[in-house]
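K.L.:
Predicted model and sequence follow; I will ask about them next.
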Amino acid sequence: MDFNLFWSSLGPLLLGAIKGTIPLALASFALGLVLALLVAMMRISANKLANGVGRFYVSIIRGTPLLVQLFVIFYGLPAIGVKIDPWPSAIIAFSLNVGGYAAEVIRAAILSVPQGQWEAGHMIGMSRNQTLLRIILPQAARVSVPPLSNTFISLVKDTSLASLILVTEMFRVAQQVAAFSQEFMLLYLEAALIYWVICLALSTAQTRLEKRLDRYVAH
Amino acid sequence: MSPTEPVLQVRNLSKSFGTNTVLRGIDLDVPRGKVVALIGPSGSGKTTILRSLNGLEMPDAGSVTVGARGTNGEGGPVDVESQLPSLTLDFETKVSPKEVAALRDRSAMVFQHYNLFPHMSVLQNVVEGPVRVQKRPRAEVVAEAEALLARVGLLEKRDAYPFELSGGQQQRVGIVRALALKPQLLLFDEPTSALDPELVDDVLAVIKELADDGWTMVIVTHELAFARQTADEVVFMDGGVVVERGPASQVLREPKEERTQQFVRRLLHEI
Ligand SMILES: Nc1ncnc2c1ncn2[C@@H]1O[C@H](COP(=O)(O)OP(=O)(O)O)[C@@H](O)[C@H]1O
Ligand SMILES: [Mg+2]
């Protein structure tokens, strides 16, 4: 293996991570969480229609491969006249995907907060939304951090699929350098290493966040 | 408002859960500054009445009127100038969320299992309602909250989280949280029945003090000795109806109705 190539390609790969992988993951996760919260609210609402729509959405997202979702949006939609550029396509697909998985996490976390907390919120005069935001979600956040962290870590790795719809994220950079230099093993291991380091950093952040949110429960 | 005019007036309150009729036409009057103890066997509908008075349960029929706030001297619900007008909810017609909110503005509840907010410190628990909902100035609310916490002997716990407190301390915070809302009416649902026996007296002593200060209260309790000392009136209910009501000493010492006699005797024997 050519270690000069390792060092010279590190710059472009890191740039691919900084300009591609990381913003793609962050944007999709943020949008996905907002979507997930909405869907979770639909799923716990008494409205049968909202509940059904939420359930159907979650079922589709969890029942189909992410790559297929990505291809439907980027390669499929133009067939019915909807043409979306690679970046927005990737963000839409990943957000929808995160939305489906995180909705169930958030729903379970909300339901895990005792009913008495809703009642205490109402007792002090809060509306349903105020109680949700100030009382329920902060408590739900604590239990949902571990599963949502897993979702985020998976998402970081899954962004490599965006290379298949021409988004220039880290893995696509690795593919391009590899094709040019014919050093496939080196470049793909280098990409793997960078994903691994990012995920290690995220795991550490997760542990810290869990500790922080645990400060108000007995150990 | 004359001193005997009721702060709380409940008429013909009725409620069913499916085919289970839980309240069958309850009437209740609580004059200003008076304490009513609600006693009765488990499942007789006591909690459902309190929850109806705080808008946590929607009765099927009847009405609830909560009157204006009165002055009660030191420590009581003062602020004559911020009196809320009297409010009547008629459950025969559809009650709007606004009306439910107005009812909650006038009453505050102390729960059997405290239901403190675990992610907030003691002080945050107390000021959350007055600051976030009532939009009162934070500095003023904090000063009041600290005075109330000092009164129940918990000022040094102001920055503790609920899990760091004993059950008795948590319930005293629950009481302070309710007081900080400056309600016209305080509701207690078996405030000591989740506590270890040795912690009960501290909490009852706090409630007794509030009664002496002139708060208007409805207390669901199985502590008959406490009810006798504290309550002006005792209401015994069973099966969703009021079986007997009267001055505390009469209902608890010389109950007229057989069901009341049985209940009181059984409870006294347990102790
Ligand atoms: N949310 C509810 N749904 C169905 N039944 C209920 C509900 N709340 C209370 N009940 C029923 O109403 C009856 C009275 O309950 P409750 O008011 O809690 O009585 P108490 O406080 O006197 O023990 C019980 O039979 C109980 O099972
Ligand atoms: Mg009860």
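P.N.:
Right, received. Where do you want to start? Ligands and ions are numbered 1, 2, ... in the order given.
K.L.:
can you tell me which residues contact the closest residue to B:Ser107 other than its chain neighbours?
P.N.:
Distances taken as CB to CB, 6 or more residues apart in numbering or on different chains place B:Leu185 nearest to B:Ser107, at 4.3 Å, with adjacent residues excluded. All C-beta spots, glycine's among them, are computed from the backbone N, C-alpha and C. Contacts for B:Leu185 (CB atoms under 8 Å, 6 or more residues apart in numbering or on different chains) come out as B:Val7, B:Leu8, B:Val30, B:Leu53, B:Val66, B:Arg106, B:Ser107, B:Ala108, B:Thr216, B:Met217, B:Val218.
K.L.:
In CSV, list these along with distance to A:Ala140 and neighbour count.
P.N.:
Formatted as CSV, these follow (distance: CB to CB, whole Å; neighbours: other CB atoms under 10 Å in any protein chain shown):
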residue, distance to A:Ala140, neighbour count
B:Val7, 37, 27
B:Leu8, 36, 24
B:Val30, 38, 23
B:Leu53, 29, 26
B:Val66, 33, 27
B:Arg106, 30, 26
B:Ser107, 28, 24
B:Ala108, 25, 24
B:Thr216, 36, 28
B:Met217, 34, 25
B:Val218, 33, 27
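K.L.:
Of those residues, which is the nearest to A:Leu49?
P.N.:
B:Leu53 (33.7 Å; CB to CB).
K.L.:
Around the residue in the stretch 1-150 of chain B that chain A sits nearest to, how many other residues sit close by?
P.N.:
With CB to the nearest CB, the shortest gap between the stretch 1-150 of chain B and chain A falls at B:Gly129, namely 3.2 Å. Residues near B:Gly129, counting by other CB atoms under 10 Å in any protein chain shown, number 24.
K.L.:
Next: the one 4 residues further on.
P.N.:
When neighbours are defined as other CB under 10 Å, B:Val133 has 19 of them.
K.L.:
Skipping its backbone neighbours, what lies nearest it in space?
P.N.:
A:Gly125 (3.9 Å).
K.L.:
ditto for A:Ile165
P.N.:
A:Phe74 (4.1 Å).
K.L.:
Surely the one you found is within a helix?
P.N.:
Yes: assessed with DSSP: H, G, I helix; E, B strand; the rest coil, A:Phe74 lies in a helix.
K.L.:
For chain B, see how far away it is.
P.N.:
Distance from A:Phe74 to chain B, counting by CB to the nearest CB, to the nearest Å: 42 Å.
K.L.:
wait, that residue sits on A:Pro88?
P.N.:
No: using CB atoms under 8 Å, A:Phe74 is not in contact with A:Pro88, being 9.5 Å away.
K.L.:
Out of those two, name the residue with the larger neighbour count.
P.N.:
It is A:Phe74, of A:Phe74 and A:Pro88, that has more neighbours when counted by other CB under 10 Å, with 23 against 12.
K.L.:
Report the contact partners of the more buried one.
P.N.:
Contacts of A:Phe74 by CB under 8 Å, 6+ apart are A:Ile84, A:Pro86, A:Ser89, A:Ala90, A:Ala93, A:Ile165.
K.L.:
what do you get if the cut-off is 10 Å, keeping everything else the same?
P.N.:
A:83-86, A:88-90, A:92-93, A:162, A:164-167 (CB atoms under 10 Å, 6 or more residues apart in numbering or on different chains).
K.L.:
Around chain B, pick out the residues from chain A.
P.N.:
A:113-128, A:130, A:134-139, A:141-142, A:213, A:215-219 (CB under 10 Å from any CB of the partner chain).
K.L.:
what pLDDT does the residue of chain A found nearest ligand 1 get?
P.N.:
With CB to the nearest ligand atom as the measure, A:Gln115 is the residue of chain A nearest to ligand 1, at 9.5 Å. pLDDT for A:Gln115: 96.
K.L.:
wait, isn't it in contact with B:Phe111?
P.N.:
No: in this structure, A:Gln115 is not within contact of B:Phe111 by CB atoms under 10 Å, at 11.1 Å.
K.L.:
And these two? Which one has more around it.
P.N.:
B:Phe111 (24 against 9).
K.L.:
What are the phi and psi values at B:Glu254?
P.N.:
Phi and psi for B:Glu254, reported as degrees, to the nearest 10, are phi -130, psi 60.
K.L.:
in terms of contact, does B:Leu154 touch B:Val173 like I think?
P.N.:
Yes: using CB under 10 Å, B:Leu154 is in contact with B:Val173, at 6.5 Å.
K.L.:
picking up where we left off before, could the contacts of A:Phe74 go into TSV alongside distance to A:Phe29?
P.N.:
Listed next are the contacts of A:Phe74 as TSV, based on distance: CB to CB, whole Å:
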residue	distance to A:Phe29
A:Lys83	25
A:Ile84	19
A:Asp85	20
A:Pro86	19
A:Pro88	16
A:Ser89	17
A:Ala90	13
A:Ile92	13
A:Ala93	13
A:Ala162	14
A:Leu164	20
A:Ile165	19
A:Leu166	22
A:Val167	16
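K.L.:
For the buried ones among those, write the corresponding PyMOL selection.
P.N.:
Selecting the buried subset of those in PyMOL, with 16 or more other CB atoms under 10 Å in any protein chain shown as the burial test, is done by:
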select buried, chain A and resi 84+86+89+90+92+93+162+164+165+167
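K.L.:
Just give me the closest of the contacts of A:Phe74 to A:Tyr101.
P.N.:
A:Ala93 (13.1 Å).
K.L.:
before we move on, what SS does the closest one have?
P.N.:
A:Ala93 - assigned by three-state DSSP - is helix.
K.L.:
List the residues that contact it.
P.N.:
With CB under 10 Å, 6+ apart, A:Ala93 has these contacts: A:28, A:66-74, A:84, A:158, A:161-162, A:165.
K.L.:
How about B:Glu99, nearest residue that isn't a chain neighbour?
P.N.:
According to CB to CB, 6+ apart, the nearest residue to B:Glu99 is B:Leu89 (5.4 Å).
K.L.:
didn't the one you found look like it was pressed against B:Val95?
P.N.:
Yes: the criterion here is CB under 10 Å, and B:Leu89 meets it with B:Val95 at 5.4 Å.
K.L.:
Comparing those two, which residue is more hemmed in?
P.N.:
Neighbour totals were compared for B:Leu89 and B:Val95, and B:Leu89 leads with 21 against 17 (other CB under 10 Å).
K.L.:
Show me the contact partners of stretch A:175-182.
P.N.:
A:2, A:5, A:8-9, A:12-13, A:16, A:160, A:163-164, A:168, A:183-188, A:190-191.
K.L.:
Buried by neighbour count, from those: which ones?
P.N.:
A:5, A:9, A:13, A:16, A:160, A:163-164, A:168, A:183, A:186-187, A:190-191.
K.L.:
What is the most widely separated pair among the residues you listed?
P.N.:
A:Leu5 and A:Leu164 (24.2 Å).
K.L.:
Please list all residues in contact with the closest residue to A:Tyr216 other than its chain neighbours.
P.N.:
Distances taken as CB to CB, 6+ apart place B:Tyr161 nearest to A:Tyr216, at 4.4 Å, with adjacent residues excluded. Taking CB under 10 Å, 6+ apart as the criterion, B:Tyr161 is in contact with A:215-218, B:116-122, B:124-125.
K.L.:
Show me which of those residues is closest to B:Arg253.
P.N.:
B:Leu116 (36.4 Å).
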